[in-house]
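# predicted model follows, preceded by the sequence.
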Amino acid sequence: MSENILSTPWLDIIGLGEDGIAGLGDEAKRLIAAAEIVYGGARHLELAATLIRGEGRRWASPIDLSVQDIKGLRGRRVCVLASGDPFFFGMGATLSRSIEAREMRVIPHPSAFSLAASRLGWPLQDLALVSLHGRPIDLIRPHLQPCARILALTSDEKGPAELASLLTESGFGASRLFVLEALGGGSERVTAMRADAYALTSVNPLNICAVEVEAGERARVLPLAPGLDDSLFEHDGQITKREARALTLSALTPLKGELLWDIGAGSGSIGIEWMLRHPAMRAIAIEGHPERAARIRRNAAAFGVPGLVTVEGQAPIALSGLPTPDAIFIGGGGSEPGVMDAALAALRAGGTLVANSVTLEMDAVLLAEHAKRSGSLTRIELSRASPVGAMTGWRPAMPLTQWRWVKPNNWKDET
């Protein structure tokens, strides 16, 4: 099959800084002037106004409307003005989902992250880079590690104060907070202060924050290993305990970008730890109890994974219409009629299902599935030291049965 390959790119994406066209090279200026249509925000179009000879178009809301318009202009001379590096949390990344790289010509400007690192003298490769622009501020929580350095792009003038408040409330008030405003422009300003002493009353909407993390005695630090302490979670006792959770995450073998269904999620601990493994991870927590579903949402925010989707409803009915999972964990309700069958059918070929049991009823289900479909069956027994009178002895926890199964590519539903 032949493929229509454009001989030259038709879409030019030009990165702009606060210094406007003064910071552009000759080629970038030429491309803007040669464009029939120039897209950008009001600020971008104003900064480049003296160069624009074609039609200037402001971004529509939602932005997808403009993306569709741009796609419809394929073959014409179109230019997009973007902030800084268009492919670093920028418009280039958005356009690349619909337009191939060979159709684009991109001239980036230093990103806000690069400018901030250069102002502070921080090696960029050693930093945690987070975009909070149009995103929940809770996303910064997993990066709050002792002595870490973070650059966080904010949405507007309120962002620095909100970040200072989060740091203070989470036990990181002693952290040094830098607010870097309008970098590269005539109004550039860099202000440093302790997070718990934040006092700026007027901030440029175009700002980025830098944090030198200092953890207080009671700071909520999230260790990097799986199997986080149970006390970090809000729960009513319905939680996969720390040691079992670490073993369960290992059995689920998460890979970057995969989607997990956590059926009978309880506190949401499995889905939360799944998402903490990598920013690209996705998870859906299915929980039938309204109070627990609300608790899962609070836990997700507190752990910095607000993208965890909570579906309030009972399996198997609540599973209908959900996107196909790469992995499934069944921690509660697995012995209810239809739950296991629905989970097995929904799992993608090659995906992994892990089910835990502490009841005889669920044990019977897992033993039957193992006999029918194979997989691996594991018995987990833990004991903890606890007082026995004036001495100490081992107190066993309830034994746990775990079934792990990988769905074969040629699987047929035999139920």
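Good, I have the coordinates. Numbers count the residues shown, from 1 in each chain.
# neighbours of G17, how many?
Residues near G17, counting by other CB atoms under 10 Å, number 21. From N, CA and C alone the C-beta is placed, and that goes for glycine too.
# residues touching it, list them.
G23, S83, G84, H109, P110, L115, L183, G184, G185 (CB atoms under 8 Å, 6 or more residues apart in numbering).
# likewise I107?
By CB under 8 Å, 6+ apart, the contact set of I107 is D12, I13, I14, G15, L24, G25, E27, A28, L31.
# quick one: it from C209, how far?
Noted for I107: a distance of 27 Å to C209, by CB to CB, to the nearest Å.
# of the contacts of G17 - the most surrounded one?
In terms of neighbours by other CB under 10 Å, the contacts of G17 top out with L183 at 26 neighbours.
# now do the SS call for it.
coil (DSSP: H, G, I helix; E, B strand; the rest coil).
# residue contacts, the closest residue to it other than its chain neighbours?
For L183, ignoring the flanking residues on the chain, the nearest one in space by CB to CB, 6 or more residues apart in numbering is L115 at 4.1 Å. Residues in contact with L115 (CB under 8 Å, 6+ apart) are G17, G84, L180, L183, G184, I208.
# ok, so of those residues, who is nearest L163?
Using CB to CB, I208 comes nearest to L163 of those, at 10.6 Å.
# surely that closest one touches S155?
No. Contact status for I208 versus S155: not in contact, 11.0 Å apart, counting by CB atoms under 8 Å.
# which of the two has more neighbours?
Using other CB under 10 Å, the more surrounded residue of I208 and S155 is I208, with 26 against 15.
# so what's the more buried one bridging to?
L153, L180 (DSSP bridges).
# likewise for N356?
Listed by DSSP bridges, the beta-bridge partners for N356 are Q402.
# what's the spacing between it and W411?
Counting by CB to CB, the gap from N356 to W411 is 22 Å.
# these two: who's more crowded?
Shown here are N356 and W411; by other CB under 10 Å, N356 has more neighbours (25 against 14).
# now the more buried one: how far from Q314?
Taking CB to CB as the measure, N356 falls 18 Å from Q314.
# likewise E46?
Using CB to CB, E46 is found at 55 Å from Q314.
# so those two - more neighbours on which side?
It is Q314, of E46 and Q314, that has more neighbours when counted by other CB under 10 Å, with 16 against 13.
# got a pLDDT number for the more buried one?
pLDDT, Q314: 94.
# neighbours of the nearest residue to it once chain neighbours are set aside, just the number please.
Counting by CB to CB, 6+ apart, G288 is the residue found nearest to Q314 once chain neighbours are left out, at 4.0 Å. By the measure other CB under 10 Å, the count of residues near G288 is 19.
# give me the phi and psi for G288.
Main-chain dihedrals, G288, degrees, to the nearest 10: phi -90, psi -20.
# who are the neighbours in contact with it?
G264, E312, G313, Q314, A315, A318, G333.
# one more pass at 10 Å, please.
Residues in contact with G288 (CB atoms under 10 Å, 6 or more residues apart in numbering) are 263-265, 311-315, 317-318, 332-333, 336.
# I'd like these as JSON lines, with secondary structure and distance to I52 appended.
Shown next, in JSON lines, are the contacts of G288 (DSSP: H, G, I helix; E, B strand; the rest coil; distance: CB to CB, whole Å):
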{"residue": "I263", "secondary structure": "strand", "distance to I52": "55"}
{"residue": "G264", "secondary structure": "coil", "distance to I52": "57"}
{"residue": "A265", "secondary structure": "coil", "distance to I52": "52"}
{"residue": "V311", "secondary structure": "strand", "distance to I52": "48"}
{"residue": "E312", "secondary structure": "strand", "distance to I52": "50"}
{"residue": "G313", "secondary structure": "coil", "distance to I52": "52"}
{"residue": "Q314", "secondary structure": "coil", "distance to I52": "58"}
{"residue": "A315", "secondary structure": "coil", "distance to I52": "56"}
{"residue": "I317", "secondary structure": "helix", "distance to I52": "56"}
{"residue": "A318", "secondary structure": "helix", "distance to I52": "52"}
{"residue": "G332", "secondary structure": "coil", "distance to I52": "59"}
{"residue": "G333", "secondary structure": "coil", "distance to I52": "60"}
{"residue": "E336", "secondary structure": "coil", "distance to I52": "63"}
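# and the buried ones among the residues you listed, selectable in ChimeraX?
Remark: buried members of the contacts of G288, expressed as a ChimeraX selection using 16 or more other CB atoms under 10 Å:
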select :263,264,265,311,312,314,315,318,332,333,336
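# reformat the contacts of G288 as TSV; add distance to Q402.
Formatted as TSV, those follow (distance: CB to CB, whole Å):
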residue	distance to Q402
I263	15
G264	15
A265	17
V311	24
E312	26
G313	25
Q314	23
A315	19
I317	26
A318	23
G332	14
G333	16
E336	19
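# which of the contacts of G288 lies closest to R149?
The closest of the contacts of G288 to R149 turns out to be A265 (CB to CB; 34.1 Å).
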